[in-house]
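*Asks:* Provided below are the primary sequence and the corresponding predicted coordinates.
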Amino acid sequence: MRVTVWHNTDRDCFMGYESNHAMLRVFSYTVPDTGDAEAELWRAVELFNADLDWLTGDDHRVAAIYRARRLRSFSKGDGFSVLLTGGTAEEFRISNGYELLPHEGPFPQLALRSEHGSVALGVRLTYMLPARDSLVREGLFEIGGDGITTAEQAVAVHHGVAPEDVVIIGRP
């Protein structure tokens, strides 16, 4: 299972997530697929907030890499996406400070650049989903690893569509 951390980059992000808030992909890591994504996400909340001295083993390693990227703590208004092993679509969650609430579909607004404490992760792609609409979209996507070897696959997994339904405009 691949877990991706998203930071809310809106100036009102600490008030909580709103659909017009831009979300920035900042960190991604892979864990064994236990079938319990919810438990893994709560573990991630701990990893990205706990003091490193409290963590051991793989938890310490993942949290240390997160901090080495100079990322801020995971906070209210931030989110996660999970791609189960062999999955074809990411599942999204948003933190309201108490719960990790399911988010229907991908985040509608994607941030494209780093902000203080939020360092962008991925390759910037411009693309269309012609089967859905005629909008031209942009976002940051991870290509390589977890079986995602093309830009079309990366966008498709994010939006829950088939790779052949993605048109990349220009190439990175």
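*Replies:* Perfect, I can see it now. Residues are numbered from 1 along each chain as shown.
*Asks:* quick one, phi/psi of the residue of the chain positioned farthest from its centre?
*Replies:* Note on the chain: the largest C-alpha distance from the chain mean falls to D53, namely 25.9 Å (CA atoms, centre = their mean). Torsion angles at D53 (phi, psi; degrees, to the nearest 10) stand at phi -60, psi -20.
*Asks:* gap between it and I94?
*Replies:* Distance, D53 to I94, by CB to CB, to the nearest Å: 29 Å. Yep, even glycine has a C-beta here, placed from its N, CA and C like the rest.
*Asks:* And T150, by the same measure?
*Replies:* The value you get for T150 to I94, if CB to CB is used, is 28 Å.
*Asks:* Between those two, which is the more surrounded one?
*Replies:* Using other CB atoms under 10 Å as the criterion, T150 and I94 rank with I94 on top: 22 against 13.
*Asks:* what bridges to the more buried one?
*Replies:* According to DSSP bridges, the partner residues bridging I94 are G79, L101.
*Asks:* if I pick it, what's in contact with it?
*Replies:* By CB atoms under 8 Å, 6 or more residues apart in numbering, I94 lies in contact with Y17, G77, D78, G79, L100, L101, H103.
*Asks:* List the buried residues of the lowest-mean-pLDDT helix or strand in the chain.
*Replies:* Ranked by mean pLDDT, DSSP states H and E, the weakest helix or strand in the chain is helix 37-47, scoring a mean of 92. Going by neighbour count (16 or more other CB atoms under 10 Å), the buried part of helix 37-47 is A37, E40, L41, A44, V45, L47.
*Asks:* Could you name the helices and strands sitting against it?
*Replies:* When contacts are defined as 3 or more CB pairs under 8 Å, 6 or more residues apart in numbering; DSSP states H and E, helix 37-47 packs onto strand 2-8, helix 57-68, strand 79-83, strand 91-95, strand 100-103.
*Asks:* which residues touch the first one?
*Replies:* If I follow you right, that is strand 2-8. 13, 17, 21-31, 40-41, 44, 48, 66, 71-72, 74-75, 77-83, 90, 107, 111, 115, 117-118, 142, 146.
*Asks:* What residues of stretch 53-65 count as buried?
*Replies:* L55, D59, V62, A63.
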